[in-house]
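*Asks:* next come a sequence and a model predicted from it.
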There are 2 protein chains.
Amino acid sequence: MRATLIYGAGDVRVEDVPDPRVQEPTDAVVRVLRTCICGSDLWPYGSRPATEEGDRIGHEFLGVVQDTGADVTGPAPGDIVVAPFAYADNTCAYCVEGLHTSCPRGGYWAQNGVDGGQGEAVRVPFADGTLVRLPVGEDSPLLPSLLTLSDVFCTGHHCAVTAGAGPRTSVTVIGDGAVGLSAVLAARRLGAERIVLMGRHRTRTDLGRDFGATDVVPERGEEGVERVRELTGGEGTRVVLECVGTEAALETAFGVVRDGGTVSRVGVPQYEKGPVGYAMFGRNITLTGGVAPARAYIEELLPDVLDGTIEPGRVFDSTVGLDGVPDGYRAMADRTALKVLVRP
Amino acid sequence: MRATLIYGAGDVRVEDVPDPRVQEPTDAVVRVLRTCICGSDLWPYGSRPATEEGDRIGHEFLGVVQDTGADVTGPAPGDIVVAPFAYADNTCAYCVEGLHTSCPRGGYWAQNGVDGGQGEAVRVPFADGTLVRLPVGEDSPLLPSLLTLSDVFCTGHHCAVTAGAGPRTSVTVIGDGAVGLSAVLAARRLGAERIVLMGRHRTRTDLGRDFGATDVVPERGEEGVERVRELTGGEGTRVVLECVGTEAALETAFGVVRDGGTVSRVGVPQYEKGPVGYAMFGRNITLTGGVAPARAYIEELLPDVLDGTIEPGRVFDSTVGLDGVPDGYRAMADRTALKVLVRP
């Protein structure tokens, strides 16, 4: 089959790789209907050292079950399923409490001999635990929105939930990438009253307004902090959703959060140390969030996608075939595309 | 009157200073019955640059109201009162939600012309909001335990509360100083089932066991982390109370916390940046806590102190008069005293 590999910064290729097949009795093989490129894929795309051998890449997909191992009792061949961006057994103590990303038997796609999502098919470990059946057909117009349950919308939702967004809360969202916009939509869905979106790409912030942002602040850094504070009686918001992952974004987050408030972050940290000294301590600010256990949220969010209450798939503004994946990376890195959908 | 000043590292003196008097109609003047030395006083005692003029110091006290301004309606001359380590109006939005340390009109003792606690008397701003009446006499044997409501026990309680300690939770407490031991007692009071105390001073950890610690781990660093993990099925505890304030202690905290768990810290951070990168993010660890709004907790904790259910005053293992304060600092810095009570 064909799949995507990354060989170095700026060097993504679609090549022939071995066809996936059931290896463990708990495996399934899924033919990919839709996959996509994630903002987090842009970190290695921007900085990965060049190597002779490439690494598989991609971690968001939905598709059709083709084959299942002897122990798989849930998904059956022909079922349409979505996979969260981490596979997990869904039975251990961590999974039971909704922290599938810490499942001791779980792991991430495109690592340790597991297929990446940006290809024609994927071998899925712990298929019973990992996959969630979707009551739609192969040609459903809902596929893009359903695909966001694999990662980006669940990640925005995780950010909003862990930060305590809910009815009557005021929220600042930092970042107008697909995760930031998903966080806006998630906060709105949870009832947040005021949602300030910090972002400066007009087409993106316009979608953010459609998703529920009540205010847009294009300024960055100190100026952006000042602007959010002006909008919020000088105090900042109780809830801040940090959807970028840089230290500068985390500093902005601490700048716009109200004393006693919470910063949740879901952008993969591009720093080892962060500004968590007395300035944060003296104001009783909480830092939470982390890699989203998407699997924990899919069933909860699915009905709202199926009935059209939310359309998280609107973050996709470009569609390519598998051969177009390298172009898709380039477009996202150049910010000419917000998020690229892939139809293998 | 006599009061304590700090002139530099290791240089604490008791000197004559102007008698406090009511300056604002919302002030009271309190004659100090008991004050004490805080672990946080040891940071300037260890590193303050030497200067010609000293700074007042001390922020924990209880005493007798001597005089009140015209607008004070609560505390009256003759009342025995305790003051939290931050004064506050107790009427603003922050105070109403229990975050008195962020009161815009509030502040800390021994700063900006406000008296320090380690002296014969203190002018108390916003006396109605700041002071809490104690239904005891000047010679009550409960005074040491009541004094801990000024800071150390409320700080341990804040740590336990913000971390989510409660019935059936397992907790690790880092640090066997007076705050760490208070955090043990607070966690036990809130119903924590298992409390692992990390500390290596036997007399202190023995008191920790009396306060409710179920396990004591004297090892530090990586070895200590390993030991706590061994005790907790390899996973660490869901709740970690960081009661030291160094970056090493914060690293230990992240080492012993279970994935998805919470680290709360109340030791004043002696670092500007901390290890909050991917290692914390990938495990969905929350960092919370901060400077304790002691005022928010005094009424809640007072009954248990008055009826002897808890005896947080057991952290005091030495008593001096005001002239003995310099010796008290030395003893705490040398760790020959856990916490020094002062009777001016």
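*Replies:* Nice, I can see it.
*Asks:* tell me the pLDDT at the closest residue to A:Asp55 other than its chain neighbours?
*Replies:* Nearest residue to A:Asp55 in three dimensions, chain neighbours excluded: A:Ile6, at 5.5 Å (CB to CB, 6 or more residues apart in numbering or on different chains). C-beta: built from backbone N, CA, C; applies to glycine. On the pLDDT scale, A:Ile6 is placed at 98.
*Asks:* give me the nearest residue to A:Leu131, chain neighbours excluded.
*Replies:* In space, A:Leu131 is closest to A:Val81, 4.1 Å off (CB to CB, 6+ apart).
*Asks:* how many residues are close by that neighbour?
*Replies:* Neighbours of A:Val81 under the rule other CB atoms under 10 Å in any protein chain shown: 23.
*Asks:* one step back: please name every helix or strand in contact with the helix or strand hosting the residue nearest to A:Asp55.
*Replies:* Using DSSP states H and E, A:Ile6 sits in strand A:2-8. Contacts defined by 3 or more CB pairs under 8 Å, 6 or more residues apart in numbering or on different chains; DSSP states H and E place strand A:2-8 against strand A:11-16, strand A:55-56.
*Asks:* contacting residues around stretch A:206-215?
*Replies:* Identification of contacts with stretch A:206-215 by CB atoms under 8 Å, 6 or more residues apart in numbering or on different chains yields A:173, A:176, A:180-181, A:184-185, A:187-189, A:192, A:194-197, A:199, A:205, A:216, A:231, A:314-315, A:338.
*Asks:* quick check: buried residues in it?
*Replies:* Neighbour counts over stretch A:206-215 (16 or more other CB atoms under 10 Å in any protein chain shown) mark A:207-208, A:211-215 as buried.
*Asks:* tabulate those residues (a markdown table), appending secondary structure.
*Replies:* Below are the buried residues of stretch A:206-215 laid out as a markdown table (DSSP: H, G, I helix; E, B strand; the rest coil):
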| residue | secondary structure |
| --- | --- |
| A:Leu207 | helix |
| A:Gly208 | helix |
| A:Phe211 | helix |
| A:Gly212 | coil |
| A:Ala213 | coil |
| A:Thr214 | coil |
| A:Asp215 | strand |
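*Asks:* the domain parsing of chain A - what is it?
*Replies:* Domain ranges of chain A: A:2-151+A:294-343, A:155-289, per automatic domain parsing.
*Asks:* returning to what we had before: out of the contacts of stretch A:206-215, which are inside strands?
*Replies:* In strands, defined here by DSSP state E, the members of those are A:173, A:194-197, A:216.
*Asks:* top of these by neighbour count?
*Replies:* When neighbours are counted by other CB under 10 Å, A:Val173 leads the ones in strands among the contacts of stretch A:206-215 with 36 neighbours.
*Asks:* wait, that residue sits on A:Met198?
*Replies:* Yes - the criterion here is CB atoms under 8 Å, and A:Val173 meets it with A:Met198 at 6.7 Å.
*Asks:* quick one, what contacts the residue nearest the centre of chain A?
*Replies:* Nearest to the geometric centre of chain A sits A:Val152, at 2.6 Å (CA atoms, centre = their mean). Listed by CB under 8 Å, 6+ apart, the contact set of A:Val152 reads A:38, A:60, A:178-179, A:182, A:312, A:315, A:339.
*Asks:* what is the nearest of those to B:Cys243?
*Replies:* Taking CB to CB as the measure, A:Val179 is the one of the contacts of A:Val152 closest to B:Cys243, at 35.2 Å.
*Asks:* skipping its backbone neighbours, what lies nearest the residue in the stretch 101-250 of chain A that chain B sits nearest to in space?
*Replies:* Nearest residue of the stretch 101-250 of chain A to chain B: A:Ser102, at 3.8 Å (CB to the nearest CB). The spatially closest residue to A:Ser102, leaving aside those adjacent along the chain, is B:Asp259, at 3.8 Å (CB to CB, 6+ apart).
*Asks:* would you agree the one you found is in contact with B:Met280?
*Replies:* No - B:Asp259 is beyond contact range of B:Met280, at 10.4 Å (criterion: CB under 8 Å).
*Asks:* who has more neighbours, these two?
*Replies:* Counted by other CB under 10 Å, B:Asp259 and B:Met280 do not tie: B:Met280 has more neighbours, with 25 against 19.
*Asks:* for the residue nearest to A:Asp55, what are its contacts?
*Replies:* Residues in contact with A:Ile6 (CB under 8 Å, 6+ apart) are A:12-13, A:44-45, A:48, A:54-55, A:57.
*Asks:* just the helices in the stretch 51-200 of chain A please.
*Replies:* A:93-96, A:127-130, A:143-147, A:152-163, A:178-189 (DSSP state H, counting those that start in this stretch).
*Asks:* which among those helices is found nearest to A:Val30?
*Replies:* Comparing these by CB to CB, helix A:127-130 comes nearest, at 8.3 Å.
*Asks:* quick one: buried residues of that closest one?
*Replies:* A:127-130.
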